[in-house]
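Engineer: Need coordinates for the below:
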Amino acid sequence: MFTFHFNGKPNLIGTVSTPYNDLQLISSHTLPAKDETSYNELVSHLNVLSDKIKKFKAPYIALGEYNAVSWSYEINILQSRSGK
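Structural biologist: Numbering: from 1, shown residues only. All right, here's what the predicted structure looks like:
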């Protein structure tokens, strides 16, 4: 497992080995969007996460607090940008 930081916030990436195959995990926490600046930071953080996910070769689980509902535009962009 290793940690990368986005604007000082830690994000974890790790791999779990199972009898069937490896499973990659990414865990992060974004700050809520209170204004245009914090909204842009949230979107940038999600873009960094999607770039990390694109590189995964194994199945993965993305978990954390994204401060956006699952049907939001921002989460849809995370899913489409990650290509998964």
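Engineer: And the pLDDT at the most centrally placed residue in the chain?
Structural biologist: Geometric centre of the chain, nearest residue: Leu49, 3.8 Å, by Cα atoms, centre = their mean. Note on Leu49: pLDDT of 95.
Engineer: which element is it on?
Structural biologist: If you go by DSSP states H and E, Leu49 is part of helix 36-54.
Engineer: who's in contact with Ile77?
Structural biologist: Contact analysis of Ile77 by Cβ atoms under 8 Å, 6 or more residues apart in numbering lists Val43, Leu46, Asn47, Ser50. Yep, even glycine has a C-beta here, placed from its N, CA and C like the rest.
Engineer: make it 10 Å
Structural biologist: By Cβ atoms under 10 Å, 6 or more residues apart in numbering, the contact list for Ile77 reads Val43, Leu46, Asn47, Ser50, Ala68.
Engineer: Could you do Tyr60 as well?
Structural biologist: Applying Cβ under 10 Å, 6+ apart to Tyr60 gives the contacts Ile13, Thr15, Asp22, Leu23, Gln24, Leu25, Ile26, Lys52, Ile53, Ser82, Lys84.
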